[in-house]
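# Sharing a model prediction with you, sequence too.
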Amino acid sequence: MAERLTVGDKAPEFCLPDAKNNKVCLKDFKGKWIVLYFYPKDNTTGCTREAVDFSEHFGKFKKIGAVVIGISPDSPTSHTNFIHKHNLKIILLSDAEHTVLREYGVWQKKKMYGREYYGVVRTTFVIDPKGEVKKVWEKVKVTGHVDAVKDFVGASCERKTG
């Protein structure tokens, strides 16, 4: 199990399939701000709300030069259905083998109703144009989260250009 990433760490490189089964790599977005969020499962209440919230603010993220990427263990087919059902505008990547989830330290032991299992702990990373982690939100509560991320990225971009 990889240690959790912290502010100042270099974001681990990866390539994963998107909803159309195209390979998407972190390095494809070099020079941009990246909002990389990890979520447990397509079409569940919290995960849907988070994806819809990010999509509703897609234009604002784009305007400040940021790209939003969501990663879960779901298949590309599941992501395709999720995107179409909720008219999502963000990039969703599939990590069925949990490789990137482990590298980023978000594949963790969880407990529910006395049962232990491994799963995704909802986490968001902001990665700067040089590939360095600038902010980490762990055990994310969905309500208000996208606004906090947008505000942080917007302020960070202003500091870099202002």
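That came through, no problem.
# Please make it C-alpha for all contacts and neighbour counts, starting now.
OK.
# Confirm that residue 153 sits in a helix.
Yes: when the secondary structure is assigned by DSSP: H, G, I helix; E, B strand; the rest coil, residue 153 falls within a helix.
# count of neighbours near it?
The criterion is other CA atoms under 10 Å. On that basis, residue 153 has 24 neighbouring residues.
# Please, where are all the helices along the chain?
Listed in chain order, the helices found in the chain under DSSP state H are 45-56, 58-63, 76-86, 99-103, 145-161.
# And the ones you listed, which one averages the lowest pLDDT?
Lowest mean pLDDT of those: helix 145-161, a mean of 81.
# so how far is that helix from its chain's centroid?
Here the centre of helix 145-161 is set off from its chain's centre by 16 Å, with CA atoms, centre = their mean, to the nearest Å.
# hang on, the earlier thing: dump the helices of the chain to a markdown table, plus distance to residue 127.
What follows is the helices of the chain, written out as a markdown table (distance: least, CA to CA, whole Å):
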| stretch | distance to residue 127 |
| --- | --- |
| helix 45-56 | 16 |
| helix 58-63 | 13 |
| helix 76-86 | 23 |
| helix 99-103 | 15 |
| helix 145-161 | 9 |
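# what's the closest of those to residue 7?
When the helices of the chain are compared for distance to residue 7 using CA to CA, the nearest one is helix 145-161, at 13.5 Å.
# Which elements pack onto that closest one?
Applying 3 or more CA pairs under 8 Å, 6 or more residues apart in numbering; DSSP states H and E, one finds that helix 145-161 contacts helix 45-56.
# tell me the pLDDT at residue 115?
pLDDT for residue 115: 87.
# To what extent is it buried, counted in neighbours?
With neighbours defined by other CA under 10 Å, the count for residue 115 comes to 7.
# same deal with residue 85?
If we define neighbours as other CA under 10 Å, then residue 85 has 10 of them.
# same thing with the one 4 residues further on?
If you count neighbours by other CA under 10 Å, residue 89 ends up with 17.
# Can you read off the pLDDT for it?
Predicted confidence (pLDDT) at residue 89: the value is 95.
# check contacts around it.
By CA atoms under 8 Å, 6 or more residues apart in numbering, the residues touching residue 89 are 55, 58, 83.
# Right, I'll leave it there.
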